[in-house]
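# here's a sequence, model it:
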Amino acid sequence: MQAAGGLLLAFGASAVCCYDAEDRVSAWNTRYLEFFPEMRDHVRVGLPVADTLRPFLERQHPGATAAELEAALANAVWRHREEQGPLRYQRADSGRWLELRMFPMPGGRIKLWTDVTHSGTEGTDASVLLELLTVTNLGVILHDAQGRLRYANSRFFSAHFLPVLREVPDIRERHVQGEYWRRYTAMFQPSEAFRALCESGQTGPLPAPVTLRGSSGRSYRIEEHPLHGGIASMWTDVTELADREQALAKAHAELAGLNVQLRRMALSDPLTALPNRRALEQALVYRKDVTAIALIDVDHFKAINDRFGHDAGDAVMTELANRLAAALGPRELLARLGGDEFAVLLCGADEADVLARADALRRAVSAQPLALDRDALVVTASLGVAAREASEAPTDTLRRADMALLGAKAAGRDRVGNAFAPVRPDTVDAASPAEVDAHLAADFGLEPVALAARHGAQHPVFTRERWAEAQRQGQTLDHYWGWVHYNLGLLAAGH
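Predicted coordinates:
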């Protein structure tokens, strides 16, 4: 053995280094210093193996942290003691490909490095493979038909898994997938995909590519194919692609959340968070259990705003929304249509049931005084109820409910107006001139006398003759007040 070692040291084309039983350098040849020039000023008899590995690792991985180098050193010492090879890797400085074999010998251990950079002639499969691995960021592991490791691109794995490099050479045998992949546990973050690999009882290559997140935070796509009865495993760093996909998925989720938020905003009232008119109309279209709709208008709300201010008016709206919501039945829907007007979809069994529910909502509004500043204000509301007709558009149902609501206000407020039956001209009670004046003043804050003084005569918008004409034509409240609102807009615009 000593003679063979002497011949090897003297004439071998390979780099050789021998170690004693304590893992200290005992001999080396000239080729060793050619392959590892960083050792020229350090190697000596008795040098611990860790001191031969540290300069190599620092040169091979100049960007590694101190913690990563210490972890890599511990793994390299472990391989020195446990492995036999062959292992191939490329020198980071010279680009030279080396194949390492390690053998036990009496009283120690011997390492032999062979330059395999040009092991295949130019253009052969072997040389093309080596060139490909040199210029691409690709990891390759080959197992033969008996499951024995034939090749591992250790440069890739040392660059990407430096702190846990020990796991890569420890794959000498591969048979059942689960047993094989469990050896990579330290290299990957826990995930459903990796758990499935570790629990697989199949043999042969992976049926489909899998992407795993490494313990370093980088992502790897692993694809496998049968090769001469064995398995060729190819590892690709796809971190940028995975990060883009993750960012895209996150952006998609955020966009979906924004869409939900926008939809919620489009269908809800910003003050009370109740459904708005659009949501109410949609519910009228899709809900078949709704039998009637009730419109609710706060009595004398303009006077509340004028006396206490608009902030107080908002507080009143919020409190009344809470009171109405608390009084709802299990299938009833409350919405705020805007201003001081609410609407409720009712599901009563018949007209009497619907009217009873509407009256319960009316009483909920005025159940107790509402505190504003130092005043305790009793707020009331008028309601208009219209039965839902199957052949009727939602807007027509709302219009009939609005007509019933105006009727409740004209009748004195704090009551329920009923539009279950169509309104006929001969059933409408004519309002007295004094009632018309009172309605104008209360609903619009306008006095006919003041208008007459301003415009020279009683304005045609508010004439009692126009009211009587609307009654004769069967238009009464709904059409008349709509006509009044239109002409008020003309007045405000200066026409």
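
# do you know the pLDDT at the residue most central in space within the chain?
Among the residues of the chain, the one closest to the centroid is Ala253, at 3.2 Å (CA atoms, centre = their mean). Among the per-residue scores, Ala253 holds a pLDDT of 83.

# the nearest residue to Ala371 once chain neighbours are set aside: what's it in contact with?
Leaving aside its chain neighbours, Ala371 sits nearest to Leu377 (7.7 Å; criterion: CB to CB, 6 or more residues apart in numbering). For every residue, glycine as well, the C-beta is placed using N, CA and C. Leu377 is in contact with Ile304, Pro369, Leu370, Ala371, counting by CB atoms under 8 Å, 6 or more residues apart in numbering.

# how near is Leu377 to Asp306?
Distance, Leu377 to Asp306, using CB to CB, to the nearest Å: 13 Å.

# quick one: residues contacting Arg109.
Shown in contact with Arg109 (CB under 8 Å, 6+ apart): Cys18, Tyr19, Asp23, His80, Arg81, Met102, Phe103.

# go again using 6 Å as the cut-off
Contacts for Arg109 were tallied using CB atoms under 6 Å, 6 or more residues apart in numbering; they are Tyr19.

# who does it bridge with?
On the basis of DSSP bridges, Arg109 takes part in beta bridges with Tyr19, Pro104.

# got CSV for the contacts of Leu377, with pLDDT too?
Rendered in CSV, the data for these read as follows (pLDDT from 0 to 100):
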residue, pLDDT
Ile304, 86
Pro369, 89
Leu370, 85
Ala371, 82
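
# which members of these occur in helices, if any?
Using DSSP state H, the members of the contacts of Leu377 that fall in helices are Ile304.

# for the contacts of Leu377, which one is nearest Gly384?
Sorting the contacts of Leu377 by how near they are to Gly384, with CB to CB, puts Ile304 at the top with 20.5 Å.

# check which helix or strand Ala352 maps to.
With secondary structure defined by DSSP states H and E, Ala352 is part of helix 351-365.

# helices or strands next to that helix in the packing?
Packing contacts for helix 351-365, counted by 3 or more CB pairs under 6 Å, 6 or more residues apart in numbering; DSSP states H and E, involve strand 381-387.

# let's see it at 8 Å
Here helix 351-365 is seen to pack against strand 292-298, helix 310-326, strand 341-346, strand 381-387, strand 416-418 when contacts are counted using 3 or more CB pairs under 8 Å, 6 or more residues apart in numbering; DSSP states H and E.

# any idea of the mean pLDDT in it?
Across helix 351-365, pLDDT averages out at 93.

# okay, buried residues for it please.
Judged by neighbour count (16 or more other CB atoms under 10 Å), helix 351-365 contains these buried residues: Val354, Leu355, Arg357, Ala358, Leu361, Arg362, Ala364, Val365.

# now stretch 104-115
The neighbour-count criterion (16+ other CB under 10 Å) identifies Gly108, Arg109, Ile110, Lys111, Leu112, Trp113, Thr114, Asp115 as the buried residues of stretch 104-115.

# neighbouring contacts of the helix holding Ala352?
Here helix 351-365 makes contact (CB under 8 Å, 6+ apart) with 291-292, 294, 296, 298, 320, 323-324, 326-327, 329, 332, 344, 346, 348, 379-383, 385, 387, 414-416, 418, 420.

# recalculate using a threshold of 7 Å.
291-292, 294, 296, 320, 323-324, 327, 329, 344, 346, 348, 379-381, 383, 385, 416, 418, 420 (CB atoms under 7 Å, 6 or more residues apart in numbering).

# cool, stretch 39-53 as well?
When contacts are taken as CB under 7 Å, 6+ apart, the neighbours of stretch 39-53 outside the stretch itself are Tyr19, Asp23, Arg24, Val25, Ser26, Trp28, Leu33, Pro55, Leu73, Ala76, Val77, His80.

# same question for stretch 328-346.
Residues from elsewhere that reach stretch 328-346, judged by CB under 7 Å, 6+ apart: 269, 272, 274-277, 279-280, 283-284, 287, 289-298, 301, 317, 321, 324-325, 347, 354, 357-358, 361.

# try 6 Å
269, 272, 274-275, 277, 280, 283, 290, 292-298, 301, 324-325, 347, 354, 357.

# give the buried residues for that stretch.
With burial defined by 16+ other CB under 10 Å, the residues of stretch 328-346 counted as buried are 328, 332-337, 340-346.

# got it, and stretch 175-193?
Gln177, Tyr180, Trp181, Arg183, Tyr184, Met187, Phe188.

# turn those into CSV, including secondary structure and pLDDT.
Putting the buried residues of stretch 175-193 into CSV (DSSP: H, G, I helix; E, B strand; the rest coil; pLDDT from 0 to 100) gives the following:
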residue, secondary structure, pLDDT
Gln177, helix, 93
Tyr180, helix, 92
Trp181, helix, 92
Arg183, helix, 87
Tyr184, helix, 87
Met187, helix, 85
Phe188, strand, 90
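
# could these go into a markdown table alongside distance to Asp93?
Compiled in a markdown table, these are given as follows (distance: CB to CB, whole Å):
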| residue | distance to Asp93 |
| --- | --- |
| Gln177 | 38 |
| Tyr180 | 33 |
| Trp181 | 34 |
| Arg183 | 31 |
| Tyr184 | 29 |
| Met187 | 26 |
| Phe188 | 30 |
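
# which one of these is nearest Leu69?
Taking CB to CB as the measure, Met187 is the one of the buried residues of stretch 175-193 closest to Leu69, at 17.9 Å.

# surely that closest one and Phe157 touch.
No. Taking CB atoms under 6 Å as the definition, Met187 is not a contact partner of Phe157, at 8.8 Å.

# not counting residues beside it along the chain, what's closest to Asp396?
Leaving out its chain neighbours, Asp396 is closest to Glu389 (CB to CB, 6+ apart), at 7.9 Å.

# the contacts of Leu377, buried ones only, as a PyMOL selection?
Typed into PyMOL, the next command selects the buried ones out of the contacts of Leu377 (criterion: 16+ other CB under 10 Å):
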select buried, resi 304+370
